[in-house]
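In: how would this look folded up:
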Amino acid sequence: MAQRVTPENNNSAAGKFLKFVLLAAGGFVALFVVLSLGAWLYISINYPPAKLKAIATDKLSESLKRKVSIGNIHFNVLSGFEVTDLHVSNRAGWAAQDFVVAKDISISYDLFPLLWGKISLGEIKLNAPQILVERRGLNQFNFSDMAAGAATAAMVPEEPSSFSFVSAAEAAPVPVKGVTAAAPPSKTTLLFSIGSVNISHGKLAYLDETGKTVQRSDLTDLNFKISNVSFVGGKSSFTLSTPFDYNKTHYDLAMNGGFRYFMSSQSIKELSVSGTVNGLGFGFSGDALNMTDNFSPNMDGNASLEMLKASGLVPGTLESMPKGLALSGPAKVSFHLSGNVKAGLELKGTADASDLTIQYQDMFVKAPKTVCKVDFDAINSGNAYNVKSFHVVYQDWAVDGSFLYKNGISYSGELHTKDLPLAGLSKDVPKLAKDKIDGTVAMNVTYSQLLNKPASLKVVGPIVFKGVGITLGTEPYIQNLNAQINAAYPVFKIPNATFNGFDGTGVASLVLTVGKTLGYSYVFDLKNVNAQKLINSSVDAYVTKNPDNYKDKLYGNLNFNYKGTGHGVSGDEMIASAEGSGNYSLTNGKVAGYQMISYVNNFFKDKGDSIQLDDVTGTLAMKNKICSYTANNNGKVGTVKIVGAINIATYYYAPEMNVTCDIHKDFLNSDSIKAVLPSQLQGKGDITQLMADSNGNVPIDFHFTGDATKVPGMDCVNLNRLTNVALNNFLNQQGSDVQNKAQNVLNGLFGH
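Out: Coordinates of the predicted model:
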């Protein structure tokens, strides 16, 4: 018969269950107490504080090959160990300060593993430690010699899957004054494990001593945690975050990952790391062998160029070769890392430099957001960075070559291309952003330079331009340019380049000399070019201040021979340094836009701000912003001769301009002339007849000074020749008895 459940029976069942729970819990608590007591007795009896401190300092000094000192060690059966004032000295012969200083270390442990002879540490926590890391080579650190010793000391042949620290210490106990030596401990090996190591708010000073000057980087807030610490291949995981400054650049680093570490072979397997530097992601995975003897990685990864420079895989000074080169912006690199420290670490992969900006002084810029990829194969041996080969694809360009950088000494290499289109060049040279360039260039050159010796730079080989065209604004500046640059740095020669331009043809030779500033000398011969297009395009190319002052001033068919010198790469530099001379001829010409022309035309029948010329011949010279010239014109209006100079920076006459005119009387405006005559000559006949010579030409001369943009006054008229002609004509008409009267009239007319 089934038992009837009564309230009393129900209470009894609940009481039994509660009793069972209490008994079970009591047993668990009892077991915990027993284990705690056993651990406390084991630690206290076998290793009292003084002896434990002596064992720890002795064993750590032996294993780490450093002098180790500890302030105090305290043990609590519930919380574990507390260590204060830990000091680990630096490697002998390196920086004279401690390798590690930790004021506060706590070590927790697990009780149950003691049942089967294993010491299992829970968490080792270091609060605000100070750490010094020094680097003197790719794998030469101030802790490099510590790892090998620790590996040897940590090996336990009888139990390859464990690491014994305490049993190794027990093998040779250190006598402590005032403490009776305990009986020799059991030879049974105690297993050893660590749950995690946690460094919070640490400070780490990193000294990179691989170059002539020491580069210091300070990690001011290092937070690092590694879980499941294993020395025999167990899977460990970690996280790290810290800000730091290196080589005058600030970084914010965060990363996490996992690996298997084998202390016996000093190798890492199944490494997998990901993270960010200044918001740029990176990651790598693979193996690393022989970490103390001959570091040999086999890894794939991706990182920014800045990350690779900070890691030492790419020289941080790479962008300073040649001097004046500047790189900015992110570049993502996908790579495979192999090789070894002794033979050199090999970095092979592809760099996506689309967001990278490249500038050399102020002459060339690779703008961001332009496609650029670099395939490379480089070996870093510490003393040299050898890019055995690279292949660059930039827009429509492809360049092959090699590059060898001997650390702190020199660099050299080769560049080879097929015909590269120049169509995209205007996008990368700011001054040409609104212009159009076409044609091709090809090069096969070698280059080399001793660092810090600019004069040692050598560039040898041909650079060939084919069918180059340059359109500035809406006007073609150069068309169908064919030339070869013969490079023998510091001199680059372009002999007999041919081109079409401004509706005509040209031949030019150029010699460039590279120094602190770019110097050049040139010769060119232009045939039948459009003067307006030539001058307007030249203004667009070189003039940066008030360019409209110089445009649309000269029209006609121009022949021009000129040779000159100069230096610099900006328009202002080039104009200020320009020096040279030549001769020209102009047919069907027109000069416009000058205030003095408007003034002179007031006395001619053709009004306006221009003067039409049948043909002009003359000379032109340039020196220190002063443009001097002569002009001789002959035509139906008569003859005009000009000798003068103008400062093209200030637009002042420099110092003057003299214009000698013999204008046919039919082209003069007699009404304008009469309007300025004194009242006593008004209505006395045709004044032009009085002033014209026997050929019917009226001699009017001008003398201009000051600001060429302002309207000149009456004082610019030179009346010497006109006075003599008018006086002679008047005397011939009136007779010698009125000579004095005529002279007075002319004086009143012209102010003489």
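In: So Glu579 sits against Gly564, correct?
Out: Yes - if you go by CB atoms under 8 Å, Glu579 and Gly564 touch, sitting 5.9 Å apart. Where you see a C-beta, it was placed from the backbone N, CA and C, and this is true even at glycine.
In: what touches both of these two?
Out: Met622 (CB atoms under 8 Å, 6 or more residues apart in numbering).
In: which stretches of the stretch 101-250 of the chain have low pLDDT?
Out: Applying pLDDT under 70 to the stretch 101-250 of the chain flags the ranges 113-119, 137-139, 147-192, 211, 246-247.
In: where's the nearest residue to Trp94 once chain neighbours are set aside relative to Val514, distance?
Out: Leaving aside its sequence neighbours, Trp94 sits nearest to Asn142 (CB to CB, 6 or more residues apart in numbering; 4.9 Å). Asn142 is 44 Å from Val514, where distance means CB to CB, to the nearest Å.
In: Which segments of this protein make up each domain?
Out: Domain ranges of the chain: 31-127+138-211+225-246, 417-550+559-567, 578-752, per automatic domain parsing.
In: Grab the longest strand from this protein for me.
Out: In the chain, assigned by DSSP state E, the strand with the most residues is strand 191-208.
In: next one: it to chain centre, how far?
Out: With CA atoms, centre = their mean, to the nearest Å as the basis, strand 191-208 stands 36 Å off its chain's centre.
In: what's that strand packed up against?
Out: strand 118-127, strand 130-137, strand 215-229, strand 232-246 (3 or more CB pairs under 8 Å, 6 or more residues apart in numbering; DSSP states H and E).
In: Of all those, which one comes closest to Leu345?
Out: Across the helices and strands packed on strand 191-208, Leu345 has its closest neighbour in strand 130-137 (11.4 Å, CB to CB).
In: okay, Asn142 and Val514: which has more neighbours?
Out: Applying other CB atoms under 10 Å to Asn142 and Val514 shows that Asn142 carries more neighbours, namely 21 against 17.
In: Can you classify Gly382 as helix, strand or coil?
Out: Under DSSP: H, G, I helix; E, B strand; the rest coil, Gly382 falls in the coil class.
In: Ser537 contacts Phe502, correct?
Out: Yes - judged on CB under 8 Å, Ser537 makes contact with Phe502 at a distance of 7.0 Å.
In: hmm, back to that, include distance to Val591 and mean neighbour count when you put the helices and strands packed on strand 191-208 into a markdown table, please.
Out: Output for the helices and strands packed on strand 191-208, formatted as a markdown table (distance: least, CB to CB, whole Å; neighbours: other CB atoms under 10 Å):
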| stretch | distance to Val591 | mean neighbour count |
| --- | --- | --- |
| strand 118-127 | 86 | 18 |
| strand 130-137 | 72 | 17 |
| strand 215-229 | 64 | 17 |
| strand 232-246 | 63 | 17 |
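In: how about the helices in this protein?
Out: Remark: helices assigned in the chain by DSSP state H are 7-41, 49-64, 144-154, 166-170, 305-311, 531-542, 571-577, 595-601, 670-675, 687-691, 720-734, 739-750.
In: And those, which one averages the lowest pLDDT?
Out: Of all these, mean pLDDT reaches its minimum on helix 166-170 (a mean of 33).
In: TSV for the domains of the chain, including distance to Lys373?
Out: Below are the domains of the chain laid out as TSV (distance: least, CB to CB, whole Å):
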stretch	distance to Lys373
domain 31-127+138-211+225-246	27
domain 417-550+559-567	15
domain 578-752	41
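In: Which one of those lies nearest to Val333?
Out: Of the domains of the chain, nearest to Val333 by CB to CB is domain 31-127+138-211+225-246, at 17.9 Å.
In: ok, what's across the strand from Tyr555?
Out: Counting by DSSP bridges, Tyr555 is bridged to Lys590.
In: Hmm, it is touching Gly589, no?
Out: Yes - if you go by CB under 8 Å, Tyr555 and Gly589 touch, sitting 6.3 Å apart.
In: which neighbours do the two share?
Out: Ala531.
In: any idea how far Leu558 lies from Ala708?
Out: 22 Å.
In: So between these two, which is more surrounded?
Out: Remark: of Leu558 and Ala708, Leu558 carries more neighbours, 25 against 20, as counted by other CB under 10 Å.
In: Just give the closest residue to that one, not the sequence neighbours.
Out: Ranked by CB to CB, 6+ apart and with sequence neighbours excluded, the top spatial neighbour of Leu558 is Ala531, at 4.1 Å.
In: and the one you found, what does it touch?
Out: Shown in contact with Ala531 (CB under 8 Å, 6+ apart): Leu554, Tyr555, Gly556, Asn557, Leu558, Leu586, Gly589.
In: so the last one touches Asn559, yeah?
Out: In other words, Gly589. No - contact between Gly589 and Asn559 fails when scored by CB under 8 Å: they sit 11.7 Å apart.
In: Name the residue in the two with the higher neighbour count.
Out: Gly589 (21 against 17).
In: list the contacts for the more buried one?
Out: Counting by CB under 8 Å, 6+ apart, Gly589 touches Ala531, Leu554, Tyr555, Gly556, Asn557, Gln612, Leu613, Asp614, Asp615, Val616, Asn633.
In: Let me know the closest of those to Phe259.
Out: Distances from Phe259 to the contacts of Gly589, taken as CB to CB, are shortest for Ala531 (75.3 Å).
In: And the closest one, how far from Ala645?
Out: As for Ala531, its distance to Ala645 is 19 Å (criterion: CB to CB).
In: ditto for Lys453
Out: From Lys453 to Ala645 the distance is 43 Å (CB to CB).
In: Compare neighbour counts for these two and give me the winner.
Out: For Lys453 and Ala645, the more surrounded residue by other CB under 10 Å is Ala645, and the numbers stand at 18 against 9.
In: who does the closest residue to that one other than its chain neighbours bridge with?
Out: Distances taken as CB to CB, 6+ apart put Ser628 closest to Ala645, at 3.7 Å, once the chain neighbours are dropped. Taking DSSP bridges, one obtains Ala621, Ala645 as the residues bridged to Ser628.
In: what about Ser628, neighbour count?
Out: Using other CB under 10 Å, Ser628 has 16 other residues around it.
In: swap in Lys434?
Out: 12.
In: For it, give me the pLDDT.
Out: Reported pLDDT for Lys434: 70.
In: next one: the one 10 residues further on
Out: What the model reports as pLDDT for Asn444 is 92.
In: Spit out the contact partners of it.
Out: Leu415, His416, Thr417, Gly461, Pro462.
In: Which strand residues bridge the last one?
Out: Translated: Pro462. Taking DSSP bridges as the rule, Pro462 bridges to Asn486.
In: Nice, that's everything, thank you.
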